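K.L.:
sequence? don't have it. structure:
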């Protein structure tokens, strides 16, 4: 499987030391199989005056058989609870890989309204059901990255 990572630098050796806590699926290395989505991630850096660098990887899909994987098929109550747990720094799960929808701008707004208790969970799920999920694959275990993810190259956008 081909995966992409959008950044302002080439990431030839992904490591968890440089990842941020309190994001969608917790501290991890975030990738996507959707080229357009990774290009969009790069555009955030370009708007700030940095370069946009698209790094490309090959994922050995044996990882899905040999690792502890959590996969969300859609935006759901379980996805929402997990995102809130990770973003608030309360996630204590030990998943190696988490796969699911991105909390993009529209989704993020709904999540924030729920997080701030301005809407309830039922309303949040109702709003999210109309959003088409993008896809992110978060690697949360350094050994899994080193064993299953191979850097293929990068390009400046």
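P.N.:
In hand now; what should we look at? The structure displayed is predicted, hence computed values, not measured ones.
K.L.:
Residues in contact with the helix or strand bottoming out on mean pLDDT in the chain: which ones?
P.N.:
Ranked by mean pLDDT, DSSP states H and E, the weakest helix or strand in the chain is helix 105-115, scoring a mean of 76. By Cβ atoms under 8 Å, 6 or more residues apart in numbering, the residues outside helix 105-115 that reach it are 75, 80, 83-84, 87-88, 101, 103, 119-121, 123-124, 127-128, 131. From N, CA and C alone the C-beta is placed, and that goes for glycine too.
K.L.:
Which positions within it qualify as buried?
P.N.:
In terms of neighbour count (16 or more other Cβ atoms under 10 Å), helix 105-115 has its buried residues at 107, 110-111, 114-115.
K.L.:
who does the longest helix anywhere in the chain touch, helix- and strand-wise?
P.N.:
Longest helix in the chain, counting residues (DSSP state H): helix 35-47. Secondary-structure packing of helix 35-47 (3 or more Cβ pairs under 8 Å, 6 or more residues apart in numbering; DSSP states H and E): strand 2-7, strand 53-59.
K.L.:
For residue 69, give me its contacts.
P.N.:
63, 95-99.
K.L.:
Which of those fall in strands?
P.N.:
Members of these lying in strands (criterion: DSSP state E): 97-99.
K.L.:
low pLDDT regions in the chain?
P.N.:
103-106, 130-133 (pLDDT under 70).
K.L.:
Now for the residue of it lying at maximal distance from its centre: which residues touch it?
P.N.:
What lies farthest from the middle of the chain is residue 118; by Cα atoms, centre = their mean that is 25.1 Å. Neighbour list for residue 118: empty [criterion: Cβ under 8 Å, 6+ apart].
K.L.:
Tell me which helix or strand it sits in.
P.N.:
Residue 118 belongs to no helix or strand when assigned by DSSP states H and E.
K.L.:
State the distance from it to residue 76.
P.N.:
20 Å (Cβ to Cβ, to the nearest Å).
K.L.:
cool, residue 50 as well?
P.N.:
35 Å.
K.L.:
Those two: who's more crowded?
P.N.:
residue 76 (16 against 13; other Cβ atoms under 10 Å).
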